[in-house]
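Engineer: Next input, structure requested:
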Amino acid sequence: MSNYPLLDLFLTMLWFFLWIMWFMLLFRVIADVFRDDHLSGWAKAGWTVFVCILPFLGVFVYLIARGRGMGERQYERAQRQEQAFRSYVQDAAREPQPPSAGPDRVGELERLAGLRNHGDLTEDEYQRAKSKLLAV
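Structural biologist: Numbers count the residues shown, from 1 in each chain. I've put the predicted structure just below:
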């Protein structure tokens with residue numbers, strides 16, 4: 001038989017998960033403090049000190065005082081990220097501009113020649129890469 005009864009195991013697991021939830025909440029509050037653009041530097045420093053010195057009281061006071069705004073700020077941040085992603089996808093989906101034969105190709109040819117001279121590319125690999133670059 002075991003010296004650690006099932007109820008003690010259950011209570012240990014409960015305390016462990018409560019401890020994990022506490023740290024998640026603490027990190028969420030600290031992240032919200034630093035992500036809030038409307039707080040001044042002094043206010044951010046004050047909340048951080050309050051949360052670090054008196055963590056339980058600091059987190060609970062922060063949730064009472066600014067808890068509603070945490071969700072709103074998270075929602076606005078998610079909307080901005082989604083808009084940035086959509087803008088990126090739309091820009092990427094547009095037809096690409098034809099590549100210029102300017103300094104980009106010349107620099108790439110110089111780089112290939114340097115790799116061949118240094119021995120990193122064989123002559124065959126160099127010729128294939130050069131023809132591929134000039135074909136574009």
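
Engineer: Scan this structure for its longest helix.
Structural biologist: Criterion DSSP state H: the longest helix present in the chain is helix 55-93.

Engineer: can I see the domain layout of this structure?
Structural biologist: 1-70, 97-136 (automatic domain parsing).

Engineer: Can you name the next helix or strand after the longest helix of the chain?
Structural biologist: helix 103-118 (DSSP states H and E).

Engineer: which residues touch Arg66?
Structural biologist: Asp32 (C-beta atoms under 8 Å, 6 or more residues apart in numbering). Bear in mind the C-beta positions are built from the backbone N, C-alpha and C, glycine included.

Engineer: what about it, distance to Val106?
Structural biologist: 57 Å (C-beta to C-beta, to the nearest Å).

Engineer: Nearest to Gln90, out of the domains of the chain?
Structural biologist: Among these, the nearest to Gln90 by C-beta to C-beta is domain 97-136 (15.5 Å).

Engineer: From the centroid of the protein, which residue is nearest?
Structural biologist: By C-alpha atoms, centre = their mean, the chain has its centre lying nearest to Gln81, at 11.3 Å.

Engineer: and the gap between that one and Gln90?
Structural biologist: 15 Å.

Engineer: can you give me phi and psi for Asp37?
Structural biologist: Backbone geometry at Asp37, expressed as degrees, to the nearest 10, gives phi -80, psi -20.

Engineer: Any chance you could list what contacts the lowest-mean-pLDDT helix or strand in the chain?
Structural biologist: Lowest on mean pLDDT, DSSP states H and E among the helices and strands of the chain sits helix 103-118, with a mean of 82. Contacts of helix 103-118 from elsewhere in the structure, counted by C-beta under 8 Å, 6+ apart, are Pro99, Leu121, Thr122, Glu123, Glu125, Tyr126, Ala129, Lys130, Leu133, Leu134.

Engineer: let's see it at 10 Å
Structural biologist: For helix 103-118, the surrounding residues in contact (C-beta atoms under 10 Å, 6 or more residues apart in numbering) are 99, 120-123, 125-127, 129-130, 133-134, 136.

Engineer: With stretch 71-81 instead?
Structural biologist: So stretch 71-81 is contacted by Arg28, Ala31, Asp32, Arg35, Asp36, Asp37, His38, Arg66 (C-beta under 10 Å, 6+ apart).
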